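Asks: I would like to see how this sequence folds:
(chains A and B)
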Number of protein chains: 2
Amino acid sequence: MAVKRVRLIIQYDGTEYVGWQTQPNGVTVQAELERALLEVTGERIALHGSGRTDSGVHARAQVAHFDTGARMAADKFAVALNTHLPRDIRVLWSEETDAQFHARFSAKQKQYRYVIQLGPHALVATRRTALHVHTALDVPLMRQAAADCVGTHDFAAFMSAGVTMENTVRTIFSSEWTQAGPYLTYDVAGSGFLYNMVRILAGTMLEIGKHALPPDAVKRAIASKRRGDAGATAPAHGLTLYRVRYPGFDTEERLTAAYGGALPDMF
Amino acid sequence: MAVKRVRLIIQYDGTEYVGWQTQPNGVTVQAELERALLEVTGERIALHGSGRTDSGVHARAQVAHFDTGARMAADKFAVALNTHLPRDIRVLWSEETDAQFHARFSAKQKQYRYVIQLGPHALVATRRTALHVHTALDVPLMRQAAADCVGTHDFAAFMSAGVTMENTVRTIFSSEWTQAGPYLTYDVAGSGFLYNMVRILAGTMLEIGKHALPPDAVKRAIASKRRGDAGATAPAHGLTLYRVRYPGFDTEERLTAAYGGALPDMF
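Replies: Below you'll find the predicted structure:
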């Protein structure tokens, strides 16, 4: 039986799921996909994602791979899986890849997006994907704090308390807030992220924007490595895994080509 | 007891509702709002919308008014009602208006939007608000057909069969398709619309785009006044009531000012 490795780009609204990875309580995105793979192939297949997303976090472009002996052409898996998936999970792309590709270990860059919706009331269209904040925020201070993250730093302060990691040094390539209409959007790209790191970064900058933490709180927490010097973890529903890049494979390029233009910003 | 008239701008995701107007079966948006008004004021209040939206149709900016003897300042109603509303219905704005204002009869212009999402799979972000079409469409033909609607015409062919209306003449101010990324968006503004008119127009142009109807099908159906000459009614979930304009009151201007910029396009 010829075994091939298949690579997927997956989009999901994380509202109804307890995160990406299979766990005892609640339904995960990975479990839904593995169930669909079983229905399509008859095989019990282990799906490998580029990384976990927490309960309630969304993905505009998650990448995953699996091995199968099924005869189905790799590019047909997207259609086949979608017929067995709920509408809040979609496989947007499927293709064969070489056996050296690994969704997690081959990833070179990940981009996350955290969206804040400003204004007096929570807009219906983005109630599931943006954090509504009705107070004024000091955006220039948030922008400066975002710039303070760029580079290679020990982000030990930006990891959930109780988690232990041998190496808490990560490299951030870009980190910035942009404002458009009622949305204030934080985009951060890096080689990798610690558990809850983006949500703690966003939460710290949100407190800086409210003048509840000093303007240099991010810089200080990087230096002290103490979780207590950073801000609260921002709510999960504002966070989206936006883009993953590999050598020769970029979710954004692939989707833009497949869908005749850039996908919607908000997701 | 001093009675005042209050005007609201309301946004809703119509997916879970059987339309705007109170009816025996299922939950309506109007009923949810009237329940919230009862909880806030203790009064049984009749809410008047700018017009009905069908089951499953959304509103980015529906306008409604009501009269109340409540002491609460008119601009506080938005916050108060939202605490009693589900998250897929939001009052985005409330203000006092004069007793001559009527949400339905004072309206001068309404804009509807019908969104088609192209590409191989239905994107998660717009699964509720766009019709997914995976076949190629002849967009120039659809654009020409949209232009054929502009002006004052008898739109009798673009009304659900079985409905009778004395006057089926309506004036369309603008009617066009625009393409951006994977979205093909139909915007139509007019003095008023017949029952299901926008969905039948969109459905007819969709069939023109698929070469299932001749390029001049809209023009021919306007001339013949026969429902059978127009295309099928497009699915409800792609349609959104986008904007309503009155003398001195425009939902788009008011929301742009209140939210610090234009609201998201997709809703």
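Asks: quick check: pLDDT value at A:Gln23.
Replies: Note for A:Gln23: predicted pLDDT of 69.
Asks: so the spatially most central residue of chain A bridges to which residues?
Replies: The centre of chain A sits closest to A:Leu241, judged by CA atoms, centre = their mean, with a distance of 1.9 Å. Beta-bridge pairing for A:Leu241 (DSSP bridges): A:Ala59, A:Tyr112.
Asks: who's in contact with it?
Replies: For A:Leu241, the contacting residues are A:50-51, A:53, A:57-62, A:110-112, by CB atoms under 8 Å, 6 or more residues apart in numbering or on different chains. Placement of C-beta: from N, CA and C, glycine included.
Asks: next one: A:His153
Replies: The contact partners of A:His153, taken as CB under 8 Å, 6+ apart, are A:169-170, A:172, A:222.
Asks: I'd like the distance between the residue nearest to the centre of chain A and A:Ala189.
Replies: 11 Å (CB to CB, to the nearest Å).
Asks: give me the common contacts of the two.
Replies: Common contacts of A:Leu241 and A:Ala189 (CB under 8 Å, 6+ apart): A:110-112.
Asks: need these in JSON lines (columns: neighbour count).
Replies: As requested, those are exported to JSON lines (neighbours: other CB atoms under 10 Å in any protein chain shown):
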{"residue": "A:Lys110", "neighbour count": "23"}
{"residue": "A:Gln111", "neighbour count": "21"}
{"residue": "A:Tyr112", "neighbour count": "24"}
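Asks: and what about A:Ser55, helix, strand or coil?
Replies: Classification of A:Ser55 using DSSP: H, G, I helix; E, B strand; the rest coil returns coil.
Asks: that one contacts A:Gln21, doesn't it?
Replies: No: with contacts counted by CB atoms under 8 Å, A:Ser55 stays clear of A:Gln21, the gap being 10.1 Å.
Asks: the helices in the stretch 51-200 of chain A, which residues?
Replies: A:77-82, A:139-147, A:197-209 (DSSP state H, counting those that start in this stretch).
Asks: give me the residue from the stretch 1-150 of chain A nearest chain B.
Replies: Across the stretch 1-150 of chain A, no residue is closer to chain B than A:Ala125, which sits at 3.4 Å (CB to the nearest CB).
Asks: that residue against B:Thr240, yeah?
Replies: No: using CB under 8 Å, A:Ala125 is not in contact with B:Thr240; the gap is 9.6 Å.
Asks: between those two, which is the more surrounded one?
Replies: B:Thr240 (29 against 25; other CB atoms under 10 Å in any protein chain shown).
Asks: enumerate every residue touching the more buried one.
Replies: Applying CB under 8 Å, 6+ apart to B:Thr240 gives the contacts B:57-60, B:112-115, B:129, B:267.
Asks: find the nearest non-adjacent residue to A:Arg170, please.
Replies: Excluding the flanking residues, the one nearest A:Arg170 by CB to CB, 6 or more residues apart in numbering or on different chains is A:Phe155, at 5.2 Å.
Asks: now A:Asp250
Replies: Using CB to CB, 6+ apart, the closest residue to A:Asp250 is A:Arg243 (7.4 Å).
Asks: ditto for A:Leu255
Replies: Per CB to CB, 6+ apart, closest to A:Leu255 is A:Leu263, 5.5 Å.
Asks: burial of that neighbour, as a residue count?
Replies: Other residues near A:Leu263 come to 26 when the count uses other CB under 10 Å.
Asks: run through the residues of the stretch 101-250 of chain A sitting next to chain B.
Replies: A:118-127, A:129, A:180-183 (CB under 8 Å from any CB of the partner chain).
Asks: what ranges do the strands span in the stretch 1-150 of chain A?
Replies: Along the stretch 1-150 of chain A, counting by DSSP state E, counting those that start in this stretch, strands occupy A:4-12, A:48-49, A:58-68, A:89-97, A:109-117, A:131-132.
Asks: B:Val198 is nearest to which of those?
Replies: Proximity to B:Val198 (CB to CB) singles out strand A:89-97 among those, at 27.1 Å.
Asks: related to what we said a few turns ago, closest one of the contacts of A:His153 to B:Glu176?
Replies: Nearest to B:Glu176 among the contacts of A:His153, with distances taken as CB to CB, is A:Ile172, at 43.2 Å.
Asks: which residues does the nearest residue to that closest one once chain neighbours are set aside bridge with?
Replies: Spatial nearest neighbour of A:Ile172, excluding adjacent residues (CB to CB, 6+ apart): A:Gly190 at 4.4 Å. Beta-bridge pairing for A:Gly190 (DSSP bridges): A:Lys110, A:Ile172.
Asks: same question for A:His48.
Replies: Going by DSSP bridges, A:His48 forms beta bridges with A:His65.
Asks: pLDDT score assigned to it?
Replies: pLDDT for A:His48: 97.
Asks: who's in contact with it?
Replies: Per CB under 8 Å, 6+ apart, neighbours of A:His48: A:64-66, A:102-104.
Asks: low-confidence stretches in chain A?
Replies: A:1, A:22-23, A:265-267 (pLDDT under 70).
Asks: redo that, cut-off 90
Replies: A:1-2, A:21-26, A:160-166, A:181, A:260-267 (pLDDT under 90).
Asks: once you drop chain neighbours, what's closest to A:Arg227?
Replies: Counting by CB to CB, 6+ apart, the residue nearest A:Arg227 is A:Ala161, at 4.9 Å.
Asks: quick one: the one you found and B:Leu37, what's the gap?
Replies: Distance from A:Ala161 to B:Leu37, by CB to CB: 45 Å.
Asks: higher neighbour count, the two?
Replies: Taking neighbours as other CB under 10 Å, A:Ala161 and B:Leu37 compare with B:Leu37 leading, 24 against 9.
Asks: setting aside sequence neighbours, what's the nearest residue to that one?
Replies: B:Ile45 (4.4 Å).
Asks: could you check how many residues crowd around the one you found?
Replies: When neighbours are counted by other CB under 10 Å, B:Ile45 registers 18.
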